[in-house]
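**Student:** predicted model and sequence follow; I will ask about them next.
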Amino acid sequence: MRESQIWESPVLQSVLPVVDAPQHVRISEEAIRQVATWMAYEEFAPIGGGPAGPFDVGPDPTRMTNLTMLVNTLNFAFTDFATSVKFETEYKGTTYVDSEAMVACMHRAITAGQPLLTGEWAARVTRDDLARLFRGNIEMPLLAERVQILNEVGAVLVDKHQGSWSHWVASCAPALYAGGDGLLERLPVEFPRFRDVSRWRGHEVTIAKLAQLGLWSLHLSLARVGVKTLTDPWRATAFADYIVPVALRVMEIAHFTPALTEAIDNGAEIPRDSEEEVELRALSIYAVARLTDEINALRPESAQLISPQVDYRLWKSYHATHHPHHLTRTVMY
């Protein structure tokens, strides 16, 4: 089934050459249909936003925008590559893991009055600053890379957008795609750290994990205060990362070659842009789209889902699990 509006996504269309001839990852259509028979009756996070979570910074759209985009600028690599231990931190009596631990650290600093929500802070931040900011059970992986990214992004914000992500968002059309002026079209052009593109057997494969996740998160956040960010949210795909393949594997939707299975289970690094890595991510996007379609076939018109809602269902259930996930040294997820 490739007929619903979900398949209008250019990202989804980009991964189809990989889907049609994978070498290392296989998707079971039968398993997708089987999982849909019970997942269709679950409750999913709403598309129009929900109640504020534990990291709320108030109802000001500017602050909400700046925090959301800051988070997604740094939303990658939370597992130590040598030990496979995940970054954790305790905040207000709760232990947070993975990206939620990072956001907890940010919220703690913002509440204490630190200027994290400004481009000026990002442009000048140092490694020592981030080491103090992200206090947890381990040093957050790829700390030097995070500093470089923040400095580069902060410089663009200061030079061109008055030091604020909210000014950049306001300068774009309120859609993912809008003839070149859409948020997802402009983001990787103006901020290269979001250009998440790989090549697979001669095909250019666009994954756009952080770009899509950031804009989807912004859409949900601002919906809580009555601001509509995206007119075409159905064009967002799953956010291909380390966790979605875990969920698909546990549900027996995704099957890997023996060599890839052994590498993942033993914590061996899967090189960025290798065939295995591209297939893990591309097939995740495809499988979530297919699962979304099969779920929708069992739900009423008033309760139809889009890929990001199904993605979140999978991520939330498995991001803190002890099940092994693939390890790839990258700043893209």
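**Tutor:** All right, it came through fine. Residues are numbered from 1 along each chain as shown.

**Student:** so how far is Leu74 from Asn151?
**Tutor:** Asn151 sits at a distance of 12 Å from Leu74 (criterion: CB to CB, to the nearest Å). Where C-beta positions appear, they are placed from N, C-alpha and C, glycine not excepted.

**Student:** same question, Leu150
**Tutor:** Here the criterion is CB to CB. By it, Leu150 lies 7 Å from Leu74.

**Student:** same question, Ala40
**Tutor:** Here the criterion is CB to CB. By it, Ala40 lies 35 Å from Leu74.

**Student:** of those two, which one has the most company?
**Tutor:** Between Ala40 and Leu74, counted using other CB atoms under 10 Å, the more crowded position is Leu74 (24 against 17).

**Student:** helices or strands up against the helix or strand hosting Glu30?
**Tutor:** Following DSSP states H and E, one finds Glu30 within helix 29-39. The elements that helix 29-39 packs onto, with contact taken as 3 or more CB pairs under 8 Å, 6 or more residues apart in numbering; DSSP states H and E, are helix 275-296.

**Student:** what about the helix it packs on, distance to the chain center?
**Tutor:** With CA atoms, centre = their mean, to the nearest Å as the basis, helix 275-296 stands 14 Å off its chain's centre.

**Student:** average pLDDT for it?
**Tutor:** Averaging pLDDT along helix 275-296 gives 98.

**Student:** quick one, it and helix 29-39 angle?
**Tutor:** Using axes from the mean of the first three to the mean of the last three CA atoms, to 10 degrees, the direction of helix 275-296 lies 50 degrees away from that of helix 29-39.

**Student:** could you shift the numbering so residue one becomes 751, and keep it that way?
**Tutor:** Taking 751 as the first residue, the last one we looked at is helix 1025-1046.

**Student:** please export the C-alpha coordinates of helix 1025-1046 as PDB.
**Tutor:** The C-alpha trace of helix 1025-1046 is given here as PDB (Å, rounded to 0.1, in the frame of the first residue of the first chain):
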ATOM      1  CA  GLU A1025      25.300   0.000   3.400                       C
ATOM      2  CA  GLU A1026      24.200  -1.500   6.800                       C
ATOM      3  CA  GLU A1027      23.700   1.900   8.400                       C
ATOM      4  CA  VAL A1028      21.800   3.400   5.500                       C
ATOM      5  CA  GLU A1029      19.500   0.300   5.300                       C
ATOM      6  CA  LEU A1030      18.800   0.300   9.000                       C
ATOM      7  CA  ARG A1031      17.600   3.900   8.800                       C
ATOM      8  CA  ALA A1032      15.900   3.800   5.400                       C
ATOM      9  CA  LEU A1033      14.000   0.600   6.200                       C
ATOM     10  CA  SER A1034      12.900   2.100   9.500                       C
ATOM     11  CA  ILE A1035      11.300   5.000   7.700                       C
ATOM     12  CA  TYR A1036       9.500   2.600   5.300                       C
ATOM     13  CA  ALA A1037       8.400   0.200   7.900                       C
ATOM     14  CA  VAL A1038       6.800   2.900  10.100                       C
ATOM     15  CA  ALA A1039       5.000   4.300   7.100                       C
ATOM     16  CA  ARG A1040       3.700   0.800   6.200                       C
ATOM     17  CA  LEU A1041       2.700   0.200   9.800                       C
ATOM     18  CA  THR A1042       0.900   3.500   9.900                       C
ATOM     19  CA  ASP A1043      -1.100   2.600   6.800                       C
ATOM     20  CA  GLU A1044      -2.100  -0.800   8.200                       C
ATOM     21  CA  ILE A1045      -3.100   0.700  11.500                       C
ATOM     22  CA  ASN A1046      -5.100   3.400   9.800                       C
END
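
**Student:** all good on my end, thank you.
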